[in-house]
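Engineer: Return a 3D structure for these sequence lines:
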Amino acid sequence: MSLMQRREGAEQTGMPSPVARLSAPHASALNPSTLHPPTFSLRAFAPLRETFLPLLFASLLFAALCLPAQTFAQKTASIAAPAPTPDGAASVAALYAEAEGYARKKYEAFEREGIGYNEKLVEQVEREQRTLAARYAAEVAARDALAPGEVFHLGQLYNVADDPERAVGTMRRFLAENPRAASDEQHAALYVIALQTAKSGSPVEAEAALAEYLKVASPTAHERRYRLESALAASYRGRKQ
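Structural biologist: Presented below is the predicted three-dimensional model:
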């Protein structure tokens with residue numbers, strides 16, 4: 001039976017033909033009069049929407065305000081505090097690095113901000129650096145036991161804090177307890193002893209400390225030697241000798 005014959009038979013029986021069944025969906029899509037609205041309405045959800053939307057907006061606003069603050073706090077903490085060791089305490093080497101680099105970071109920030117040289121500003125930065133190093137040194141000295149490397153960096157902290165007595169005593173302790181320490185650590189310890197002795201000790205002690213350092217100093221350590229001799233000369237001038 002052909003498709004036309006089936007269509008004619010369907011018309012006689014009152015049933016829709018295959019052609020009509022195939023074309024009905026397309027006809028509905030093309031003819032807007034055949035589209036019917038849904039049987040439910042969104043207006044039924046209006047009370048829930050009015051209650052939920054303000055809460056959603058408030059939550060999003062709170063999250064937007066908190067995120068920058070948390071990010072800033074994390075960045076500040078990463079800059080201001082050295083990384084902690086597994087036991088929760090910052091390593092002595094990290095504390096020394098933070099204190100030693102404090103002034104340099106400050107001057108770099110001033111340069112980026114276009115702030116020119118100011119003698120009072122330099123004095124303030126150096127005072128802040130000494131205060132920071134002294135605080136870190138006090139924290140380290142209060143610990144129960146220190147490894148040889150930690151004693152060495154504690155002496156370095158005392159040196160940055162410009163605490164001659166503790167700097168010299170700690171470095172002499174390091175040298176006495178570690179006669180086979182690395183040569184660079186030995187040189188640095190003797191340098192701190194000579195520098196702080198030149199600043200605060202008698203000229204005789206300063207001369208002896210300088211000679212002790214020069215025995216092991218590298219011939220290329222011109223900057224350290226210059227600083228030591230300048231500190232010794234300043235000590236002589238202060239004593240009017």
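Engineer: which regions of the protein lie under the pLDDT threshold?
Structural biologist: Applying pLDDT under 70 to the chain flags residues 1-89.
Engineer: switch the cut-off to 80
Structural biologist: Residue ranges of the chain with pLDDT under 80: 1-89, 201, 219, 239-241.
Engineer: mind listing the helices for this protein?
Structural biologist: Using DSSP state H, the helices of the chain run over 3-13, 18-30, 46-80, 92-100, 102-112, 119-141, 148-160, 164-177, 183-200, 203-216, 222-238.
Engineer: Which elements pack onto the fifth one?
Structural biologist: Spelled out, that is helix 102-112. If contacts are counted by 3 or more Cβ pairs under 8 Å, 6 or more residues apart in numbering; DSSP states H and E, helix 102-112 sits against helix 119-141. All C-beta spots, glycine's among them, are computed from the backbone N, C-alpha and C.
Engineer: CA-only coordinates of the helix it packs on in PDB, if you can.
Structural biologist: Taking Å, rounded to 0.1, in the frame of the first residue of the first chain, the C-alpha atoms of helix 119-141 are listed here in PDB:
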ATOM      1  CA  GLU A 119      69.900  61.300  57.300                       C
ATOM      2  CA  LYS A 120      67.200  61.000  59.900                       C
ATOM      3  CA  LEU A 121      65.400  58.400  57.900                       C
ATOM      4  CA  VAL A 122      68.600  56.300  57.600                       C
ATOM      5  CA  GLU A 123      69.100  56.600  61.400                       C
ATOM      6  CA  GLN A 124      65.500  55.400  61.900                       C
ATOM      7  CA  VAL A 125      65.900  52.400  59.600                       C
ATOM      8  CA  GLU A 126      69.100  51.400  61.200                       C
ATOM      9  CA  ARG A 127      67.600  51.700  64.700                       C
ATOM     10  CA  GLU A 128      64.700  49.600  63.600                       C
ATOM     11  CA  GLN A 129      67.100  47.000  62.200                       C
ATOM     12  CA  ARG A 130      69.000  46.800  65.500                       C
ATOM     13  CA  THR A 131      65.800  46.500  67.500                       C
ATOM     14  CA  LEU A 132      64.600  43.700  65.200                       C
ATOM     15  CA  ALA A 133      67.900  41.800  65.500                       C
ATOM     16  CA  ALA A 134      68.000  42.200  69.300                       C
ATOM     17  CA  ARG A 135      64.500  40.800  69.600                       C
ATOM     18  CA  TYR A 136      65.300  37.800  67.400                       C
ATOM     19  CA  ALA A 137      68.500  37.200  69.400                       C
ATOM     20  CA  ALA A 138      66.600  37.200  72.600                       C
ATOM     21  CA  GLU A 139      64.200  34.700  71.200                       C
ATOM     22  CA  VAL A 140      67.000  32.400  70.100                       C
ATOM     23  CA  ALA A 141      69.000  32.700  73.300                       C
END
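Engineer: Report the buried residues of that helix.
Structural biologist: By neighbour count on 16 or more other Cβ atoms under 10 Å, the buried set for helix 119-141 is 125, 129-130, 132-134, 136-137, 140.
Engineer: Reformat those as CSV; add distance to residue 194.
Structural biologist: Formatted as CSV, the buried residues of helix 119-141 follow (distance: Cβ to Cβ, whole Å):
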residue, distance to residue 194
125, 25
129, 21
130, 19
132, 24
133, 19
134, 21
136, 23
137, 20
140, 23
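Engineer: just these now: which is nearest residue 191?
Structural biologist: Distances from residue 191 to the buried residues of helix 119-141, taken as Cβ to Cβ, are shortest for residue 133 (16.6 Å).
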